[in-house]
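In: following is a predicted model, sequence given first.
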Amino acid sequence: MGHGIRRRSIETALATAEQLQAADSYPYFPVIKEPIGNRVLLDNGTSLLVFGSCDYLGLSQDTRVKEAAAAAVAHFGTNTYGAQIFNGYTSLHRDLEHRLAAVLGKESALLFPSGMHANIGAIASMMQPGDVIINDRLNHGSIFMGCRLSQANIRTYRHNDMGRLRSILRQTQGAARVLIAVDGLFSADGDYAQLPTICALAEEFDALVLVDEAHSFGVIGPEGRGVVAHFGVEDRVDVITGTVSKAVGSVGGFVAGSTELIEGLRHMAPAYLLSRGSPPSAVAASLASLAILDLEGDALRHGLWSNVKLARDALARGELHLIEGESHLLAVPIGSDEDTVGIARRLTSKGVLTTAMIAPGAPSGKGRLRLTVTARHRQSEIEDGISLLAEAVANG
Ligand SMILES: Cc1ncc(COP(=O)(O)O)c(C=O)c1O
């Protein structure tokens, strides 16, 4: 979700929530009592078809992944003894770090409790006052949080505007160090960062490049190695961050890069050192998922892309325009925040759960409904869900 660097006060956020609640159109925080296939049963008795899941390959529900998590609980207990540096690091954590580094083609990797921690930890620790960090405006909020904490100078360019990136690079040539940070796959629009151009510009202006593979790891590129691998720029990207909380079906985040960077972060990044780290069950689940992806990744991704095609065809039949994008994240532009939330709410009343992205998660006044199909959806679910969406938009 892109959040720019605009801050909302608690009062503003609360006022918006209260307004939506008063109008009986508050679509957030559905309380799930039980997952049933691709549906969830809420505690108010409503059953919803989930079209907003980031569990793109369905691995969080795979029996082998659940069993690996349960076995880790049986072996290690529900948590470790303390902070990772003293007594919270297990052989599972070490194995997952090695595995992630190997998959991503980097020397080393560091495991964080979440993707949010990973971005904050990497960026806030790598960069400092006097440096410049250049962001795509639709970067995830955790990248911007890391930028703020670093106290570096933050510059932002319009989404994927490579001309603007070049001119900012030209203006910042006197800075101590410059980092270009981007989401590999932008969650708001479902399109890719233009990594070949970004890497070429970084080389021309001697800047570093960080790519967040949160939505792409496991799904995009050869063997699901992400957008960096899709563009074949592994050697030209300095740092890769990401999450195992989406396609990998577990919880946790990572930073991958040179051994010097990773060992430096391991010994000084507050987001790593001052947090407990992932519980062994989550790490074991990630390892089990990565093992499944080794054997069955191509088949799972094939299932996902077939479903994405079914969804795109159904959206076209329903005359629903999509924001241009190449990925499994399907963004239907709606417009005002009120209309976006209203349509999401109407869809919920028809039994379909989507993601209503409004400011600051999307540019102001450009709300969109994000649909995510997964490898597990059935054709009938996709067709029924999208025809209900078309109806809700037409009546909007
Ligand atoms: C691009 C991006 N980066 C980072 C994150 C944070 O990941 P996590 O949920 O593991 O904290 C997200 C989560 O939505 C994301 O979309």
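Out: Structure's in. What do you need?
In: from here on, contacts and neighbour counts on C-alpha atoms
Out: Noted.
In: give me the mean pLDDT for the helix or strand residue 392 falls within.
Out: Under the criterion of DSSP states H and E, residue 392 resides in helix 379-394. Averaged across helix 379-394, the pLDDT comes to 92.
In: then stretch 44-62?
Out: 95.
In: in it, which residues are buried?
Out: When burial is assessed from 16 or more other Cα atoms under 10 Å, stretch 44-62 yields the following buried residues: 47-60.
In: ok, so of the residues you listed, who is nearest the ligand?
Out: The closest of the buried residues of stretch 44-62 to the ligand turns out to be residue 54 (Cα to the nearest ligand atom; 8.4 Å).
In: the closest one and residue 250 touch, don't they?
Out: No - counting by Cα atoms under 8 Å, residue 54 does not reach residue 250; the two are 10.7 Å apart.
In: quick one: which of the buried residues of stretch 44-62 is nearest to residue 301?
Out: Residue 301 has its nearest neighbour among the buried residues of stretch 44-62 in residue 57, at 7.0 Å by Cα to Cα.
In: does the closest one really touch residue 376, like I thought?
Out: Yes - counting by Cα under 8 Å, residue 376 is a contact partner of residue 57 at 6.9 Å.
In: starting at the chain centroid, how far to stretch 37-57?
Out: 19 Å (Cα atoms, centre = their mean, to the nearest Å).
In: what's the first-to-last distance across that stretch?
Out: 13 Å (Cα to Cα, to the nearest Å).
In: need the residues that contact that stretch.
Out: Outside stretch 37-57, the residues that touch it by Cα atoms under 8 Å, 6 or more residues apart in numbering are 30-35, 215, 219, 245-249, 300-301, 304, 348, 351-355, 370-377, 381, 385.
In: and those near the ligand, which?
Out: residue 245 (Cα under 6 Å from any ligand atom).
In: ok so, going back, wait, which of the buried residues of stretch 44-62 is closest to residue 88?
Out: residue 60 (23.9 Å).
In: residues contacting whatever residue of the stretch 51-200 of the chain ends up closest to the ligand?
Out: The ligand sits closest to residue 115 of the stretch 51-200 of the chain, with a gap of 3.4 Å, by Cα to the nearest ligand atom. Applying Cα under 8 Å, 6+ apart to residue 115 gives the contacts 214, 241-245, 252-254.
In: quick one: the helix or strand hosting residue 309 to helix 379-394, angle?
Out: Following DSSP H and E, one finds residue 309 within helix 280-317. Calculated by axes from the mean of the first three to the mean of the last three Cα atoms, to 10 degrees, helix 280-317 forms an angle of 60 degrees with helix 379-394.
In: quick one: residue 244 and residue 193, what's the gap?
Out: Counting by Cα to Cα, the gap from residue 244 to residue 193 is 20 Å.
In: dihedrals phi and psi, residue 203?
Out: phi -70, psi -40 (degrees, to the nearest 10).
In: that one - how many residues pack around it?
Out: Residue 203 has 13 neighbouring residues, counting by other Cα atoms under 10 Å.
In: that'll do, ta.
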